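>>> here's my sequence, what's the structure:
(2 chains)
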Protein chains: 2
Amino acid sequence: MFREEIKVLDCTVRDGGLINDHQFEEGFVREVYKAINAAGVDYMEIGYKCSKKIMSPTQYGKWKFCEEDDIKKAIDGIEPKTKLSVMADIGRVEKDEIPKCSESVIDMIRVASYAKDVDKAIDLINDAAEKGYETSVNIMAVSRALDSELDEALDQLERESKSDVIYIVDSFGALYSENIEHLVNKYKKFLKTKEVGMHAHNNQQLGYANTIQAIISGANFLDGTIYGIGRAAGNCPLELLMGFLKNPKFDLRPILNVIEKEFIPLREKIEWGYIIPYAITGMFNEHPRAGMAMRQTKDKDKYLEFFNSMSPSEIE
Amino acid sequence: MFREEIKVLDCTVRDGGLINDHQFEEGFVREVYKAINAAGVDYMEIGYKCSKKIMSPTQYGKWKFCEEDDIKKAIDGIEPKTKLSVMADIGRVEKDEIPKCSESVIDMIRVASYAKDVDKAIDLINDAAEKGYETSVNIMAVSRALDSELDEALDQLERESKSDVIYIVDSFGALYSENIEHLVNKYKKFLKTKEVGMHAHNNQQLGYANTIQAIISGANFLDGTIYGIGRAAGNCPLELLMGFLKNPKFDLRPILNVIEKEFIPLREKIEWGYIIPYAITGMFNEHPRAGMAMRQTKDKDKYLEFFNSMSPSEIE
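The predicted structure is shown next:
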């Protein structure tokens, strides 16, 4: 698959940081940045832009806050080819803490928002756009948004926002390819002047397949993470996505090298991927938090009990 | 997704046996059979029907040979709802070693064949059909078959074989959903009187997604294995497939229970699933054997070296 407009965004450090409260060591982030750069990936999301007044720096590591100096130290001396992005959550950042793009190493700001919070997202993303950043609004948990709510959000984003890209985010890993096709078509119907993006989760081993479906349907911004790292079941594995995209600008080898050197040892320390409780939350179109909680207990492999606790008959 | 014609075939013991030379203990096979029965799965493939004159019973366990008495012992006392199948490889079984269906606990015989060996497959499958078995021909490595070769094989199977089902087998886990759609359409064009089946491998995490695509395109026989067990990257995970098929005859709970009890401990002893060397062989449309060999060495995680050794520039 080759389409010049396609851009790949690696969110290894940002989504992976949800597993360990963004406590990655600088050396790890540096190795990821080196690999992503050498692989020719278009963007790398290095963390969240949160306010230290709102989120605690004793609880969270530096990639929750992405201060300029911390980023600069991690990438120092590496020729920058990949653009850097950060994610901003509504209500967790103050606009005056975001410098102008010309004064920052960051190139892109992405705002994560539920469909119902779109007014707040537009306010935040327009500020970022006016400061000179590339911009994206990522509509989270789209598998749970009401159809009318989503239509209204997309209509507003097209008319009122300066965002370059609007993402489909399958937060619960609940969507099938036919849903992806339907959503990309819907997004494209409303978003005449913007690109459509896809951020998939891998609860049902469909993260990569759904990203391919989004490409076929016309999405041009694609998220992936190295070795599929990310909260709970993780994300679309970047290495697979790069194997599918035949664009000669990509080189898979640095990604394979960093998996071997960094991600195999890391996977021994923190957990993500295809694990039955996350498959179950995906099937039920639920947030993985119940699965994440049970994986911290001695009953972490009691799948049948967990399924029963999630079944609609039990929660109605 | 509900379509009454859809049949699910579990090949846990058969394809999983390729990892351990079919050395599963009787107790394990019994637990799998119990779970498959209770889950309402239509068929369970319990192993291969090989001749002990051709394959060595000192090297291989009993599920390589599937003698009637061994099967009977494993399922004794469990009310049989699921039908049993065995696989026969061309050249590894003698026809006179296959009893009449009325004298066997086996219900279905499946012949695995390359497209080019279709004459031999037809000879073997017609013998099985005449003995009263349900029948299937599984065309292996279809991602490497020449188009003209495959057309000819399908035409012959329609005209000359008594097989009920003809399978697409993505032996190398190399196919994408658009290839699956193309293949199911091709199969249906030739096979006016037969069902189409799908047997997917999971090298690129597309085993389940490709099986869904096959369903959408019209395939009615679907293979899966519990927790995705199978040679190298394994197969379409049965638990995910059952989550997608909304047929009320299925019950996911016995499968979750047996994963918890049997497959989590088993996965500590033998290896299958998403492992980078198998993703690489899938991308290159190659048999996983080179990956399986390197996984047995101390260099089992040298992914970059492995990728370079598989790259076309190195083998031309």
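
>>> contact residues of the stretch 101-250 of chain A facing chain B?
A:176-178, A:202, A:204-210, A:212-213, A:216, A:237, A:239-240, A:243-244 (CB under 8 Å from any CB of the partner chain). To be clear about C-beta, it is placed using only N, CA and C from the backbone, and glycine gets the same treatment.

>>> select only the buried ones of those residues in PyMOL?
To isolate the buried members of these in PyMOL, using 16 or more other CB atoms under 10 Å in any protein chain shown:
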select buried, chain A and resi 176+177+202+204+205+206+207+208+209+210+212+213+216+237+239+240+243+244
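
>>> could you chop chain A up by domain?
Domain assignment for chain A by automatic domain parsing gives A:7-269, A:276-315.

>>> got JSON lines for those, with mean pLDDT too?
Putting those into JSON lines (pLDDT from 0 to 100) gives the following:
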{"stretch": "domain A:7-269", "mean pLDDT": "97"}
{"stretch": "domain A:276-315", "mean pLDDT": "92"}
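
>>> need the winner for burial among those domains.
domain A:7-269 (a mean of 20; mean count of other CB atoms under 10 Å in any protein chain shown).

>>> what distance separates the start and the end of that one?
Domain A:7-269 has its terminal residues 31 Å apart, counting by CA to CA, to the nearest Å.

>>> go on, stretch A:238-256?
With CA to CA, one end of stretch A:238-256 sits 10 Å from the other.

>>> centre of the chain to that stretch, how far?
Centroid separation for stretch A:238-256 versus its chain: 18 Å, with CA atoms, centre = their mean, to the nearest Å.

>>> give me every residue that touches the residue of the stretch 151-300 of chain A found nearest chain B.
Using CB to the nearest CB, residue A:209 is the residue of the stretch 151-300 of chain A that sits closest to chain B, at 3.2 Å. If you count contacts by CB atoms under 8 Å, 6 or more residues apart in numbering or on different chains, residue A:209 has them with A:177, B:177, B:205-206, B:208-210.

>>> can you tell me which of these are in helices?
A:177, B:177, B:208-210 (DSSP state H).

>>> closest to residue B:31 among those?
Checking the ones in helices among the contacts of residue A:209 against residue B:31 by CB to CB gives residue B:208 as the nearest, at 23.2 Å.

>>> what about residue A:195, distance to residue A:9?
With distances taken as CB to CB, to the nearest Å, residue A:195 is found 11 Å from residue A:9.

>>> how about CSV for the domains of chain A, with distance to residue B:62 added?
As requested, those are exported to CSV (distance: least, CB to CB, whole Å):
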stretch, distance to residue B:62
domain A:7-269, 32
domain A:276-315, 29
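
>>> ranges for the helices of the stretch 1-150 of chain A?
Using DSSP state H, counting those that start in this stretch, the helices of the stretch 1-150 of chain A run over A:12-16, A:26-39, A:68-75, A:118-130, A:147-160.

>>> any chance of those helices in CSV, plus distance to residue B:101?
CSV is the format used below for those (distance: least, CB to CB, whole Å):
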stretch, distance to residue B:101
helix A:12-16, 53
helix A:26-39, 55
helix A:68-75, 67
helix A:118-130, 63
helix A:147-160, 52
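
>>> from what I can see residue A:236 touches residue A:206, true?
No: counting by CB atoms under 8 Å, residue A:236 sits too far from residue A:206 to count as a contact (9.2 Å).

>>> identify the contacts common to these two.
Jointly contacting residue A:236 and residue A:206 under the rule CB under 8 Å, 6+ apart are residue A:200.

>>> how near is the closest residue in space to residue A:104 that isn't next to it in sequence to residue A:16?
Nearest residue to residue A:104 in three dimensions, chain neighbours excluded: residue A:68, at 6.2 Å (CB to CB, 6 or more residues apart in numbering or on different chains). In this view, residue A:68 and residue A:16 are 21 Å apart by CB to CB.

>>> residue boundaries of the strands in chain A?
Taking DSSP state E as the test, the strands found in chain A are A:7-10, A:43-48, A:83-89, A:108-113, A:134-139, A:165-169, A:195-199, A:221-224.

>>> residue contacts, the closest residue to residue A:263 other than its chain neighbours?
Nearest residue to residue A:263 in three dimensions, chain neighbours excluded: residue A:227, at 4.2 Å (CB to CB, 6+ apart). Applying CB under 8 Å, 6+ apart, we find residue A:227 in contact with A:237-239, A:259, A:263, A:267.

>>> quick one: which of these is nearest to residue B:311?
Among the contacts of residue A:227, and counting by CB to CB, the member closest to residue B:311 is residue A:239, at 14.8 Å.

>>> who touches the residue lying closest to the closest one once chain neighbours are set aside in this structure?
In space, and not counting its chain neighbours, residue A:239 is closest to residue A:255: 5.1 Å by CB to CB, 6+ apart. Contact analysis of residue A:255 by CB under 8 Å, 6+ apart lists A:35-36, A:39, A:226, A:238-239, A:242.

>>> can we see that at 6 Å?
A:35, A:39, A:239 (CB atoms under 6 Å, 6 or more residues apart in numbering or on different chains).

>>> and which of the contacts of residue A:209 is nearest residue B:171?
Nearest member of the contacts of residue A:209 to residue B:171, counting by CB to CB, is residue B:210, at 12.6 Å.

>>> if I look at the closest one, how far off is chain A?
With distances taken as CB to the nearest CB, to the nearest Å, residue B:210 is found 8 Å from chain A.
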